[in-house]
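> would you be able to build a 3D model of this:
(2 chains)
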Amino acid sequence: MTAPDGPDELETQFAQWRHYVQRRPELRQSDSEELEDHLRASVDELVAAGLRADEAFLIAVKRMGRLDDLAREFAREHSERLWKQLVLTGDTDGRGAGIRSRRDLLVMVICAAGAAVSIKVPELFGMSLDADGAFYGPNFALFALPWLAAFLAWRRQAKPALIGVLLALFALGAVAANAYPLADDSQSLILTAIHLPIALWLVVGLAYVADDLRSSRRRMDFIRFTGEWFVYFVLLALGGGVLTAFMAGTFQAIGIVPEDFIEQWLVPCGVVAAVVVAGWLVEAKQSVVENIAPVLTRLFTPLFTAVLLAFLVALVWTSAGIDVEREALILFDLLLVVVLGLLLYSISARDPLAPPGLFDKLQLALVVSALVIDVLVLREITHRITEYGTTPNKAAALGENVILLANLAWSAWLILGFVRRRTPFAAIERWQTGYLPVYAAWSWIVVLLFPPLFGYL
Amino acid sequence: MRVTKDLVAASATPMVLGILADGESYGYAILRRINELSGGELDWTEGLLYPLLHRLERLGHVESSWQSVAGERRRKYYRITSSGLAELAEQRRQWDTVVNALKEIWPGDVRRLTAIPLEGPA
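Residues are numbered from 1 along each chain as shown, chains lettered A, B, ... in the order given. The predicted structure is shown next:
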């Protein structure tokens, strides 16, 4: 016979109960402690009345009522708890987490301040934000992204070798932005200003996946990070805009015109600092708020599909050719980027084990219609290029188009296989994450090779 | 006889404040005291008591502190504040009004009232 080992068994039951209570978002640590004290007092009294410990526990729990009801009552008083809050000081539960988030905050502030200072450093050497657009344009990303990468590398405790690689790549970026003798109005300068941030962003990605470079899951996390970072950056920009407007208005009311301060300090320093702050926010709130980029994707995928299909129908109906000017080419490039973004963010939020559904078919329709449109555009463009020769702009736009087309075409094939239950979902995910280095390689090619290739045009 | 939920809810605040006016106390003891005072007729749940205590704390009528009791266990004690005492006085004035009015409406003993429905079906 096994003798009931009273106290130990009771403790296990309490631990189990505590575990259930703590899973409730409505109930905080302090609530569960308070309720546990109540339960223990109740058990003690029943034991004193002559019951066995396990019986007493059962009755005490039963008296407390169903946890659902209890939690609902708590939720009525503490409705704010269902809105998970991002507490900047992180002082609520768990000491260890609190210390860590405070240290994160400190490093973030240092990095953001570093970014804000670094953008003003060139002024010591006679540069000015107004006059030297040709310097600041291509270099802008170099004032912000290294700091974000530094924050991430610190947070991931990147190995020295990786830090060396990061530094080398940022140095290479600096060389690419400044070494070539480009005229202030050259096409290559603008191309560098567009492509260097992309190349450097993927270097930031390298810092992000520092703990596991090869892992497809980590790369997917970086894609999620990118989407959320963008959302936060836009929100910060909106807030900053309101701040700037009030600052300009209020100071003007007392006869001080802060225009110079706003243009020379507030906006440039604010933007580069916001790059770091947005990155920190994504890291800090990862599990606090539901990710917003996938929600936007869900809303806009059907709408974009409808627009693209309508465009195709109209194209066939009117049998008009596409007027391919340079702007149109860029527009269609952007269209592919948007479609790719919609695809990426719905992949990033999808449960890999869920069976294919209506949304996947919708996505297939979206990708295929984008592909059809793009093929039509491409045909026009190659025609144009063979006729009039090429420029850096056209070559870059064409290259991007081909890269995106290849990605989407293979994605469409994989989604088709998935919808027909031939390929697993993981294949789509792996394809997208495996494709990231292609973007990096292309941006570096544009930045490093295009200027000499096209005679610094 | 069970007191209806609405009545329990309405009388909960003055009861808790009244008990705490006698000295600081904690959740389980408050519940026991109410049970005792009502002869077991008032059936309070934890889901009623603790959110109520938290609400009173938020409104500043009570304040709480964690104290260690006999063993190693920590217990959350509640203490009434001056604003809580004022609230109690106000609630008491309102309840007096209600009780007095009811006494006017129901003069004499209660048995006469309970007897009426029993005669009905016969």
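
> for the residue nearest in space to the middle of chain B, give me its contacts.
Residue closest to the mean C-alpha point of chain B, counted by C-alpha atoms, centre = their mean, is B:M15 at 2.6 Å. Counting by C-beta atoms under 8 Å, 6 or more residues apart in numbering or on different chains, B:M15 touches B:I34. Any C-beta I mention is one placed from the backbone N, CA and C, and that applies to glycine too.

> could you check how far it is from A:M64?
Separation of B:M15 from A:M64 (C-beta to C-beta, to the nearest Å): 20 Å.

> now do the same for A:P7: its pLDDT.
Here the pLDDT value assigned to A:P7 is 70.

> just say helix, strand or coil for it.
Under DSSP: H, G, I helix; E, B strand; the rest coil, A:P7 falls in the helix class.

> could I get the pLDDT score of the nearest residue to it once chain neighbours are set aside?
Sequence neighbours aside, A:A53 is the residue nearest to A:P7 in space, at 7.3 Å (criterion: C-beta to C-beta, 6 or more residues apart in numbering or on different chains). According to the prediction, A:A53 has pLDDT 87.

> surely A:A53 and A:D8 touch.
No - using C-beta atoms under 8 Å, A:A53 is not in contact with A:D8; the gap is 9.9 Å.

> comparing the two, which shows the higher neighbour count?
Each of A:A53 and A:D8 has its neighbours counted (other C-beta atoms under 10 Å in any protein chain shown); A:A53 has more, 20 against 10.

> how close does the more buried one sit to A:A60?
10 Å.

> got any residues that touch both of the two?
Counting by C-beta under 8 Å, 6+ apart, the residues touching both A:A53 and A:A60 are A:V43.

> domain assignment for chain A?
As given by automatic domain parsing, the domain ranges for chain A are A:6-82, A:95-181+A:191-287, A:290-423.

> can you add distance to A:T433 and give those domains back as a markdown table?
Converted to a markdown table, the domains of chain A look like this (distance: least, C-beta to C-beta, whole Å):
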| stretch | distance to A:T433 |
| --- | --- |
| domain A:6-82 | 32 |
| domain A:95-181+A:191-287 | 4 |
| domain A:290-423 | 9 |
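
> who's in contact with stretch B:47-57?
The contact list for stretch B:47-57, computed with C-beta under 8 Å, 6+ apart, reads A:31, A:34-35, A:38, A:65, A:69-70, A:72-74, A:76-78, B:8-9, B:12-13, B:16-17, B:27, B:30-31, B:62-64, B:78, B:84.

> now, of those residues, which are buried?
A:31, A:34-35, A:38, A:70, A:73-74, A:77-78, B:8, B:12-13, B:16-17, B:27, B:30-31, B:62, B:64, B:78, B:84 (16 or more other C-beta atoms under 10 Å in any protein chain shown).

> among the residues you listed, which ones are in strands?
Among these, the ones falling in strands (DSSP state E) are B:V62, B:S64, B:Y78.

> and which of the residues you listed is nearest to chain A?
When those are compared for distance to chain A (C-beta to the nearest C-beta), B:S64 comes out closest, at 9.1 Å.

> okay, the closest one: pLDDT?
90.

> thought it was touching B:K76?
Yes - counting by C-beta under 8 Å, B:K76 is a contact partner of B:S64 at 5.4 Å.

> leaving out sequence neighbours, find the closest residue to A:A150.
A:C111 (5.6 Å).

> so which bits of whichever strand or helix holds that neighbour are buried?
Using DSSP states H and E, A:C111 maps to helix A:95-118. Within helix A:95-118, the residues scored as buried using 16+ other C-beta under 10 Å are A:S101, A:D104, A:V107, A:M108, A:C111, A:A112, A:G114, A:A115, A:A116, A:S118.

> can you check stretch A:437-456 too?
A:Y439, A:A440, A:W442, A:S443, A:W444, A:V446, A:V447, A:L448, A:F450, A:P451, A:F454, A:Y456.

> quick one: residues contacting the fifth one.
What that stands for is A:W444. A:A176, A:A199.

> A strand includes it, no?
No - counting by three-state DSSP, A:W444 is not found in a strand; it is helix.

> quick check: it vs chain B, distance?
A:W444 is 57 Å from chain B, where distance means C-beta to the nearest C-beta, to the nearest Å.

> go on, the second one?
Note on A:A440: its distance to chain B, by C-beta to the nearest C-beta, is 53 Å.

> packing partners for the longest helix seen in chain B?
Using DSSP state H, we find that the single longest helix of chain B is helix B:82-105. Under the contact definition 3 or more C-beta pairs under 8 Å, 6 or more residues apart in numbering or on different chains; DSSP states H and E, helix B:82-105 sits against helix B:5-21, helix B:46-59.

> from the middle of its chain, how far away would whichever strand or helix holds A:N407 be?
Per DSSP H and E: A:N407 is located in helix A:392-419. Offset of helix A:392-419 from its chain centre (C-alpha atoms, centre = their mean, to the nearest Å): 22 Å.

> in it, what counts as buried?
Neighbour count says helix A:392-419 has A:392-398, A:400-401, A:403-405, A:407-408, A:411-416, A:418-419 buried, by 16+ other C-beta under 10 Å.

> count of residues packed around the nearest residue to B:Y28 once chain neighbours are set aside?
Spatially, and ignoring its direct neighbours in sequence, B:Y28 is nearest to A:A41 (4.0 Å; C-beta to C-beta, 6+ apart). By other C-beta under 10 Å, the residues close to A:A41 number 20.

> so A:A41 makes contact with B:L31?
No - using C-beta under 8 Å, A:A41 is not in contact with B:L31; the gap is 9.2 Å.

> secondary structure class for the closest residue to A:E263 other than its chain neighbours?
The shortest distance from A:E263 to any non-neighbouring residue, by C-beta to C-beta, 6+ apart, is to A:L129 (7.0 Å). Three-state assignment for A:L129 (three-state DSSP): coil.

> likewise B:K76?
B:K76 ends up strand, using three-state DSSP.

> shouldn't it be in contact with A:E33?
Yes - between B:K76 and A:E33 there is a contact under C-beta under 8 Å: 7.5 Å.

> show me how far the next helix or strand after the helix holding A:C111 is from its chain's centre.
Downstream of helix A:95-118, the next assigned helix or strand under DSSP H and E is helix A:133-156. Its chain's C-alpha centre and that of helix A:133-156 lie 16 Å apart, by C-alpha atoms, centre = their mean.

> what about A:R18, distance to A:D37?
With C-beta to C-beta as the criterion, A:R18 and A:D37 are 12 Å apart.

> swap in A:Y180?
According to C-beta to C-beta, A:Y180 and A:D37 sit 72 Å apart.

> residues from chain A in reach of chain B?
A:30-31, A:33-35, A:37-38, A:40-42, A:64-65, A:69-70, A:72-74, A:76-78 (C-beta under 8 Å from any C-beta of the partner chain).

> thinking again about what came up before, could you say which helix or strand contains the residue nearest to B:Y28?
helix A:29-48.

> elements contacting that helix?
Against helix A:29-48 (3+ C-beta pairs under 8 Å, 6+ apart) you get helix A:6-22, helix A:53-64, helix B:27-37, helix B:46-59, strand B:74-80.

> got the angle between the second one and helix B:46-59?
To tie it back to what came earlier, the one meant is helix A:53-64. 60 degrees (axes from the mean of the first three to the mean of the last three C-alpha atoms, to 10 degrees).

> how far away from the center of its chain is helix A:53-64?
For helix A:53-64, the distance to the chain centre is 48 Å (C-alpha atoms, centre = their mean).
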